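Visitor: one predicted model, sequence on top.
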Amino acid sequence: MDRAPGLGQALRVNETERPRVLVVSDDGDDRQQLVHELVGHGHVLDVVTESEMALQRIERDGPEVVVVGCGLGVAESLELIERGHRTAGRHCAFIAVLEPARSAAVADLLRAGADQVLLWPDHRDALAVAVRRALEKPRLAREVDQARDGVLNALSVGKVERIVGAHPAMQRLLSKVMQAAQSRATVLIHGETGTGKELIAAAVHEHSKRSRGPFVRLNCAALADTVLESELFGHERGSFTGATARRKGRFEQADGGTLLLDEVSEINRQVQVKLLRFLQEREFERVGGNETLHVDVRIVAATNRDLKQLVEDGRFREDLYYRLNVVRLEVPPLRARPSDVTLLADHFLRQYAEENEKTVHGFDQRARNALLAHPWPGNVRELQNAIEQAVVLCEGDTIEAEDLPIAPAPAELDSLKMMIPGITLAELERYAILKTLEACGGSPTRAAAVLGISRRTIQYRLQQWGLSRPSKLRGERDAPSSPLPLPETGLESEPH
């Protein structure tokens, strides 16, 4: 009979599953204080006293977070962070700890690659929180790499085939995609132009039992009415001028697989009738033919228009709408998942750098700020085109803000980035909520979806800040860009 693993083995197995945090400081008291703040938070802690030893551990063990203590001094800390970044890339986050007397070095440390700078001991209580948040960086980096390599993470659906998305809105969508794929139901995908509806449709097909069958696409808006009917259902020889031979339509081509009807809202009323009949009875005739054909095809429809409104306007059949709208998938616009902007930008950067044989490794801070500040009305497609243009036109190995075909970020974003080392969580919360409300036209519901919090939380915070009335909220837009202090109750829990 097999024996249970020993305690030592169990601990080793457990350690491989826990995030690794490396603490670097040549000052004994400094090391002791840093470890004291981090112990007991579920990390595997490693402590070294020299920069060279730290670089060896970064290369050998691959820690997710490196905490650079005060004891090293500014110059040695800068060198360690720069060299550590070259070794670990995006898979490691760096937190620098500074004495208040050396706060002038904050900007240099951030430019060197520090993800966060804390003043010690003023920000002592924030160290554990900073480490926990820094652990998101290597996790997201791994998801982007998985997206590029075609690996599906079964524990966190951050990517389905070519889809990159770690924002909660995309996580929920991709979870629904996996559920919809296992069914036989007709799927309606709704989303703005450029959001990637075709990729969502392909994911539904590729993860369904029909994945070995054909995946056929048809853009209904690209064809004239007379041509659309023939493209869908096929035609017999002589059925119209130019029909010199029998032709199979997209339904026959997709037999045993999936047919994507892109821009389904543009189908005319006559073709709508034939499509409805197929969805009800699974049969049709070719144009000019009398033979009734039966095929096994799953319909996935996509549109950027409100089909319900088209029904009310009399431009789309109500019975067809309900036949198509069995499973509905809403693709969020890029502005509703801002945390995915840099993930996608990095993904496209690697893709186009490889295609154009250029050694472009990343974005400078101003370029990243510009990416985050842009509203992306053209969604992922606009971002993709912007990164391709930037890669082609940039002259160095880093994309700068001037290389991007978008407006530079407002100065207030740079100011906020610089203030983060000394900003309170309450101030960050206020800034994030008010700026997101402004971007969402004052809608608490939309802002809550973007931020991943409840609408009630936003309403409660506005009431706390005395901004519950729309007139006051609009007036807040003209307030200074610096975060404003909150009342003492700024971070207390909501009343139940």
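Guide: That came through fine. Every value quoted in this text rests on a predicted model; they were computed, and no experiment measured them.
Visitor: can you count the residues close to Arg60?
Guide: For Arg60, the count of nearby residues is 8 (other CB atoms under 10 Å). (Glycine included, C-beta is placed from N, CA and C.)
Visitor: so for it, what's the pLDDT?
Guide: With respect to pLDDT, Arg60 has a value of 84.
Visitor: helix or strand for it, which one?
Guide: helix 51-61 (DSSP states H and E).
Visitor: can you name the element that comes right after that helix?
Guide: Following helix 51-61 in sequence order, the next helix or strand is strand 65-68 (DSSP H and E).
Visitor: show me what that following strand is in contact with.
Guide: 19-25, 34, 38, 43, 54, 58, 77, 80-81, 84, 92-97, 114, 127, 131, 134-135, 138 (CB atoms under 8 Å, 6 or more residues apart in numbering).
Visitor: quick one: buried ones out of the residues you listed?
Guide: 19-25, 34, 38, 43, 54, 58, 77, 80-81, 84, 92-97, 114, 127, 131, 134-135, 138 (16 or more other CB atoms under 10 Å).
Visitor: looking at those residues, which are in helices?
Guide: Residues of the buried ones among the contacts of strand 65-68 located in helices (DSSP state H): 34, 38, 54, 58, 77, 80-81, 84, 127, 131, 134, 138.
Visitor: got these as a markdown table, with distance to Arg102 columns?
Guide: Formatted as a markdown table, these follow (distance: CB to CB, whole Å):
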| residue | distance to Arg102 |
| --- | --- |
| Leu34 | 16 |
| Leu38 | 22 |
| Ala54 | 20 |
| Ile58 | 24 |
| Ser77 | 10 |
| Leu80 | 15 |
| Ile81 | 15 |
| Gly84 | 20 |
| Leu127 | 17 |
| Val131 | 21 |
| Ala134 | 21 |
| Pro138 | 27 |
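Visitor: nearest to Ser103, of the residues you listed?
Guide: Comparing those against Ser103 with CB to CB places Ser77 closest, at 13.4 Å.
Visitor: mind listing what the closest one touches?
Guide: If you count contacts by CB under 8 Å, 6+ apart, then Ser77 has 68, 96, 109 around it.
Visitor: got any ranges where the stretch 1-150 of the chain has weak pLDDT?
Guide: When residues are selected by pLDDT under 70, those of the stretch 1-150 of the chain lie in 1-17, 89-90, 137-150.
Visitor: rerun that using 50 as the cut-off
Guide: 1-16, 146-150 (pLDDT under 50).
Visitor: pLDDT of the helix or strand hosting Ala201, averaged?
Guide: Secondary structure assignment for Ala201, by DSSP H and E: helix 197-206. Mean pLDDT, helix 197-206: 92.
Visitor: pull out the buried positions in it.
Guide: 197, 199-206.
Visitor: centre-most residue in the chain?
Guide: In the chain, the residue lying closest to the centroid (CA atoms, centre = their mean) is Asp340, at 2.7 Å.
Visitor: for Thr272, give me its contacts.
Guide: Thr isn't right for residue 272; it's Gln. Contacts of Gln272 by CB under 8 Å, 6+ apart are 316-317, 320.
Visitor: before we move on, what about Asp364?
Guide: Residues near Asp364 by CB under 8 Å, 6+ apart: 398-401.
Visitor: dump those into TSV; add secondary structure and distance to Arg335 as well.
Guide: Listed next are these as TSV, based on DSSP: H, G, I helix; E, B strand; the rest coil; distance: CB to CB, whole Å:
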residue	secondary structure	distance to Arg335
Thr398	strand	26
Ile399	strand	21
Glu400	coil	23
Ala401	helix	19
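Visitor: show me which of the residues you listed are buried.
Guide: Listed as buried from those are 399-401; burial here means 16+ other CB under 10 Å.
Visitor: please enumerate the strands of the stretch 101-250 of the chain.
Guide: All strands of the stretch 101-250 of the chain, identified by DSSP state E, counting those that start in this stretch, fall at 116-119, 187-190, 215-219.
Visitor: among those strands, which is nearest His361?
Guide: strand 116-119 (21.6 Å).
Visitor: just give me how far that closest one sits from the chain centre.
Guide: Distance, stretch centre to chain centre, for strand 116-119: 27 Å (CA atoms, centre = their mean, to the nearest Å).
Visitor: ok, stretch 446-457 next?
Guide: Distance, stretch centre to chain centre, for stretch 446-457: 17 Å (CA atoms, centre = their mean).
Visitor: how about residues contacting it?
Guide: In contact with stretch 446-457 (CB under 8 Å, 6+ apart) are residues 167-169, 332, 335-338, 432-433, 436-437, 439-440, 444-445, 458, 494.
Visitor: repeat the analysis, applying 10 Å as the threshold.
Guide: Under the criterion CB atoms under 10 Å, 6 or more residues apart in numbering, residues 167-169, 171, 332-333, 335-339, 429, 432-441, 443-445, 458-461, 493-495 lie in contact with stretch 446-457.
Visitor: tell me how the chain divides into domains.
Guide: Taking automatic domain parsing as the reference, the chain has its domains at 7-134, 168-330, 335-411, 423-476.
Visitor: what sits closest to the residue of the chain most remote from its centre if chain neighbours are left out?
Guide: Taking CA atoms, centre = their mean, the residue of the chain most remote from its mean C-alpha position is Gly238, at 51.0 Å. Distance criterion CB to CB, 6 or more residues apart in numbering; nearest residue to Gly238, sequence neighbours excluded, is Gly288 at 6.9 Å.
Visitor: okay, Arg212 and Ile433: tell me how far apart.
Guide: 48 Å (CB to CB, to the nearest Å).
Visitor: show me the helices in the stretch 301-450 of the chain, by range?
Guide: Taking DSSP state H, counting those that start in this stretch, the helices of the stretch 301-450 of the chain run over residues 307-312, 318-324, 340-355, 365-373, 379-393, 411-419, 425-439, 444-451.
Visitor: mind giving me the packing neighbours of the fourth one?
Guide: Read that as helix 365-373. On a contact count with 3 or more CB pairs under 10 Å, 6 or more residues apart in numbering; DSSP states H and E, helix 365-373 meets helix 340-355, strand 362-363, helix 379-393, strand 398-399, helix 411-419.
Visitor: switch the cut-off to 8 Å
Guide: helix 340-355, helix 411-419 (3 or more CB pairs under 8 Å, 6 or more residues apart in numbering; DSSP states H and E).
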